[in-house]
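Novice: Just to be clear, the model below is a prediction. Sequence and coordinates:
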Amino acid sequence: MKTILKFVVAAAAVSTFGLAAATPASAQMTMPEACKSEMAASGTMQMPGGDMGQMAEHQKAMMEGMRETEPAMMQGMMAKDPDVAFVCGMIAHHTAAINMSEVELKYGDDQQAKSMAEKIIEAQKKEIEEMTNWVEEHSN
């Protein structure tokens, strides 16, 4: 089970960032203006692969938490069975949510945001367990 989770976790973030163009317009997100960075609005936003030196510590930690899940998400979504591909991709996606929530708990100041992070961690861990069990039952 841990092997499957590690495998799936390693593929998550690439899909999060790399498949936006392949996503149907009806499924694309509209983010609140406060969620958009100046870099993204100017069109200069790049996924950090090199210099993250200008980022704040919480930004670096968020990006690393996403980057950890990229390979697993991509690998998981390549399963031949569409149901397995979906669930494997979601395991990695949920792991990224946990990573981001842990960063909030470490760096955040707002108690309501921290409470949201705690709820996300609890819910996502439960769902990861359920999805991992489902994959083990349906991938044979």
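Specialist: Thanks, I have it.
Novice: Summarise which helices and strands the longest helix that the chain contains is packed against.
Specialist: Of all the segments assigned as helix in the chain under DSSP state H, the longest by residue count is helix 111-138. Applying 3 or more Cβ pairs under 8 Å, 6 or more residues apart in numbering; DSSP states H and E, one finds that helix 111-138 contacts helix 2-9, helix 82-107. C-beta here means a position set from N, CA and C on the backbone, and glycine is covered the same way.
Novice: what's the closest of the ones you listed to Glu122?
Specialist: helix 82-107 (9.5 Å; Cβ to Cβ).
Novice: tell me the angle of the longest helix of the chain relative to helix 82-107?
Specialist: On the basis of axes from the mean of the first three to the mean of the last three Cα atoms, to 10 degrees, helix 111-138 is oriented at 150 degrees to helix 82-107.
Novice: buried residues in helix 111-138?
Specialist: Across helix 111-138, burial judged by 16 or more other Cβ atoms under 10 Å covers Ala117, Ile120, Ile121, Gln124, Ile128, Met131, Thr132, Val135.
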